[in-house]
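Colleague: Please find the sequence and the predicted model below.
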Amino acid sequence: MFHHFKMLLIGVASFLLLSASLLVEATEKGLFWQVEAPNGTVSYLFGTIHTDDNRVTDFSQPILDALKAVDLFVMETQPNSDPANFMMAEGSLKDMLNEAEMGQVKALTDFHVMHLSQVLTMKPWLLAVVFSQSKPQTPYAQDNLLMRGSQDVGKPVKGLESSQEHFSVIDGFSMDNQLVMLRMALSLTGAQKETNFETLIAAYLKEDSDALLALDAEMTGASLPKDLWQRMRVRLLDERNVLMAARAIPLAQQQSVFVAVGAAHLAGDGGLIHAFKQAGFTLKRIKK
């Protein structure tokens with residue numbers, strides 16, 4: 001059971017990336033950067049996408065060399081170990097959804113190899129994370145493999161967010177809002193999920209933030225009420241960018257670090273690329 005809950009957590013980052021990576025503003029393209037502090041300390045900044053697709057998990061030699069060279073691996077969120085973070089405080093989905101929706105939930109529960117008794121008491125937004133995926137999640141997503149790779153070469157791991165901070169991003173939305181998110185996921189066909197995934201992967205492989213921006217209205221934003229989408233944008237991207245920059249920059253000033261965060265958090269005036277430049281770092285793009 002605990003192993004399966006860990007697999008669900010993998011989906012959380014995927015949802016935050018899918019909902020936020022489509023928000024990036026046009027900026028310098030590139031997902032892998034060398035960042036040099038004013039004192040000469042060299043670190044690395046890498047934009048991830050949460051999938052186990054081998055098109056993004058076959059890491060280049062520059063990435064592997066950077067992992068070995070740094071003192072500390074810094075990931076977006078500290079790994080969670082409390083299954084209670086996945087569950088509603090009270091209530092059951094069978095009392096919140098109609099018969100047709102429950103039929104969809106049961107079918108997707110089987111598809112993602114989950115237990116219905118657990119699914120019925122999970123937070124609706126988290127189910128939206130899982131059910132929006134085109135295939136069941138595995139432990140071998142890109143960001144997780146980077147963490148494991150850093151551990152294999154003896155590097156300590158630190159999260160920019162605690163697991164509680166990570167979950168609170170969406171936990172703060174009302175149950176009605178969370179059910180809107182879940183119903184959006186239930187409305188997607190298998191073909192739509194696969195198309196969305198391939199479109200996102202293609203933009204990522206081109207390292208093209210402009211293309212990611214163009215996906216905004218086409219994918220997530222157009223599927224949600226405008227006011228909910230705007231609030232999600234602020235919570236998922238704007239506020240988290242401020243937090244991540246405030247924590248990542250001091251670390252990179254003190255020691256050599258490899259910072260791996262969702263690609264959404266790199267671009268735009270509020271992104272980490274701009275934040276590192278504003279802090280006096282010299283940035284050099286590396287082809288990944």
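Modeller: Thanks, I have it.
Colleague: so where is the stretch 151-288 of the chain shaky, pLDDT-wise?
Modeller: 209-218, 220-222 (pLDDT under 70).
Colleague: where do the helices sit along it?
Modeller: Secondary structure of the stretch 151-288 of the chain, counting by DSSP state H, counting those that start in this stretch: helices at 163-171, 175-187, 190-205, 209-218, 226-233, 239-254, 272-278.
Colleague: How about the contacts made by Val111?
Modeller: That one is not Val; residue 111 is Phe. Pro136 (CB atoms under 8 Å, 6 or more residues apart in numbering). (Glycine included, C-beta is placed from N, CA and C.)
Colleague: gap between it and Met102?
Modeller: The spacing between Phe111 and Met102, counted by CB to CB, to the nearest Å, is 15 Å.
Colleague: so which of the helices of the stretch 151-288 of the chain comes closest to Ala128?
Modeller: Closest of these to Ala128 is helix 175-187, at 4.2 Å (criterion: CB to CB).
Colleague: Buried residues in the closest one, which are they?
Modeller: For helix 175-187, a neighbour-count test (16 or more other CB atoms under 10 Å) marks 177-182, 184-186 as buried.
Colleague: Just want the angle from it to helix 163-171.
Modeller: 80 degrees (axes from the mean of the first three to the mean of the last three CA atoms, to 10 degrees).
Colleague: Run through who's touching helix 175-187.
Modeller: If you take CB under 8 Å, 6+ apart as the criterion, helix 175-187 is touched by 91, 96-97, 101, 104-105, 108, 123-125, 127-129, 131-132, 170, 173, 223-225, 228.
Colleague: Please spell out the PyMOL selection for the buried subset of the residues you listed.
Modeller: A single PyMOL command selects the buried members of those (16+ other CB under 10 Å):
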select buried, resi 96+97+101+104+105+108+123+124+125+127+128+129+131+132+170+173+223+224+228
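Colleague: Keep only those of the contacts of helix 175-187 that are in helices.
Modeller: Applying DSSP state H to these, the entries found in helices are 101, 104-105, 108, 124-125, 127-129, 131, 170, 228.
Colleague: Adding distance to Ile49, write the residues you listed out as TSV.
Modeller: Below are those laid out as TSV (distance: CB to CB, whole Å):
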residue	distance to Ile49
Glu101	29
Gln104	26
Val105	27
Leu108	22
Pro124	24
Trp125	20
Leu127	21
Ala128	18
Val129	15
Phe131	19
Ile170	19
Leu228	24
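Colleague: Alright, calling it a day.
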